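*Asks:* After the sequence you'll find the predicted model.
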Amino acid sequence: MNASATPRLDDLQTLTQRYATYSRSAGGLSNVFGAVLVAAAFSIAAFLPLDASSRAALALTPFVWLLSKALLRRFYYQRFGGVVQKVAPELRRQRRWMLGYLIAVSTLIVCTVVWKAGFVALRPGMLGYLLLVAALPFVAWRWFWSVSDFYLGILLFCQAAVVFAGGRYSGAWLFFVFGCAAFAIFAGVREHRDFLRIRDALGLGAGVGAETS
Amino acid sequence: MKADTQEAIDGVLAVDRLVHEPARLVILTVLAGAESAEFGFLENVCRLSKGNLSSHLSKLETGGLVLIDKSFRGKKPLTRIAISDKGRNALARYRTQLAALVAASEP
């Protein structure tokens, strides 16, 4: 053990911390995939005629994205062994604010719709809409950790809920949606490149077993 | 024996031997960067064989420095290891002692 050991140990701890972010707050390529899904879903809904099957497909997009996140995490970003991220106080605080906002908006929407229409008078499409809106805070609590997760998830869930209810977002939303998608792609690519650097720095490149026990 | 020499010897002897062993030091350092880590990750990063890693983890667990949770993912066994508060404090104390010893030995 020599004097240079301490900084090297600091590096090892930092690299582990950064690797662990891919268990929660860093999405990497799942951000890119989510951004493509958001852009595609809003474009299709705005410009193409929607029948029952295309509406069902669009309503499924948030779940496809969540599944892709879980698969990428399990079989790509954490394939050298799972490491759970320690939640820093700033991240916990940021998440609490975003969840609080989602719970407030979701409750407001559900109460307003039920109060205006009356629960028994709701069509099945509207029930699906309410279900998706009500589920959003729970989904966010379980799966959303980063800012990208929140806005991609909210956009996909809102889009799915509106399409389910028989409506659609107009083309006017595309400017905003494409801006969000571009930001998510930028963040995702940056995270992915950072992951490749972490992997190499930890010596987890080709040839290292992915077996966990 | 001079007082400062005696002090230096006392400093070296005061180092926690459970943490001082290089493999265990690396294990604790890796664990300090996360909430928990799977056995496979420690094996890959620490470059230890399964048996060797297992033996070091048992010693750390006996010393109360790590917490080990064994379960199954499907049919495969899954071992998750987390550093305890005691382990975190022991690591911090060890690093402070080491830095002080290195500083004292410099001319």
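*Replies:* Everything's here; your move.
*Asks:* Tell me which residue in chain A sits closest to chain B.
*Replies:* residue A:81 (2.6 Å; C-beta to the nearest C-beta). All C-beta spots, glycine's among them, are computed from the backbone N, C-alpha and C.
*Asks:* I'd guessed that residue sits against residue B:38; true?
*Replies:* Yes - applying C-beta atoms under 8 Å as the test, residue A:81 and residue B:38 come out as touching, 4.3 Å apart.
*Asks:* So the longest helix seen in chain B, near chain A or not?
*Replies:* Longest helix in chain B, counting residues (DSSP state H): helix B:85-105. Yes - using C-beta under 8 Å from any C-beta of the partner chain, we find that helix B:85-105 touches chain A at B:95, B:98-99, B:102.
*Asks:* one step back: tell me who's in contact with the closest residue to the residue of chain A closest to chain B other than its chain neighbours.
*Replies:* Nearest non-adjacent residue to residue A:81, counting by C-beta to C-beta, 6 or more residues apart in numbering or on different chains: residue B:41, 2.6 Å away. Shown in contact with residue B:41 (C-beta atoms under 8 Å, 6 or more residues apart in numbering or on different chains): A:80-83, A:212, B:30.
*Asks:* I'd like to know which of those is nearest to residue A:118.
*Replies:* Residue A:118 lies nearest to residue A:82 out of these, by C-beta to C-beta, at 47.7 Å.
*Asks:* Spell out which residues sit in contact with the closest one, please.
*Replies:* The contact partners of residue A:82, taken as C-beta under 8 Å, 6+ apart, are A:23, A:212, B:37-38, B:40-41, B:80.
*Asks:* which SS class is residue B:68?
*Replies:* strand (DSSP: H, G, I helix; E, B strand; the rest coil).
*Asks:* I figured it hits residue B:83, correct?
*Replies:* No - in this structure, residue B:68 is not within contact of residue B:83 by C-beta under 8 Å, at 11.0 Å.
*Asks:* So between those two, which is more surrounded?
*Replies:* Shown here are residue B:68 and residue B:83; by other C-beta atoms under 10 Å in any protein chain shown, residue B:83 has more neighbours (26 against 15).
*Asks:* ok so, going back, so for the longest helix of chain B, what's the average pLDDT?
*Replies:* The average pLDDT within helix B:85-105 is 85.
*Asks:* what about the strands in chain B?
*Replies:* B:36-38, B:66-73, B:76-83 (DSSP state E).
*Asks:* Within its sheet, name the partner strands of the second one and how each one runs.
*Replies:* In the sheet containing strand B:66-73, the strands it pairs with under DSSP bridges are strand B:76-83 (antiparallel).
*Asks:* what about the most centrally placed residue in chain A, distance to residue B:49?
*Replies:* In chain A, the centroid-proximal residue (C-alpha atoms, centre = their mean) is residue A:149; its distance is 3.2 Å. From residue A:149 across to residue B:49, the span is 38 Å (C-beta to C-beta, to the nearest Å).
*Asks:* Quick one: list the elements packing against the host helix or strand of residue A:10.
*Replies:* Taking DSSP states H and E as the definition, residue A:10 sits inside helix A:5-20. With contacts defined as 3 or more C-beta pairs under 8 Å, 6 or more residues apart in numbering or on different chains; DSSP states H and E, helix A:5-20 has these neighbours: strand A:83-84, helix A:174-201, helix B:22-32, helix B:85-105.
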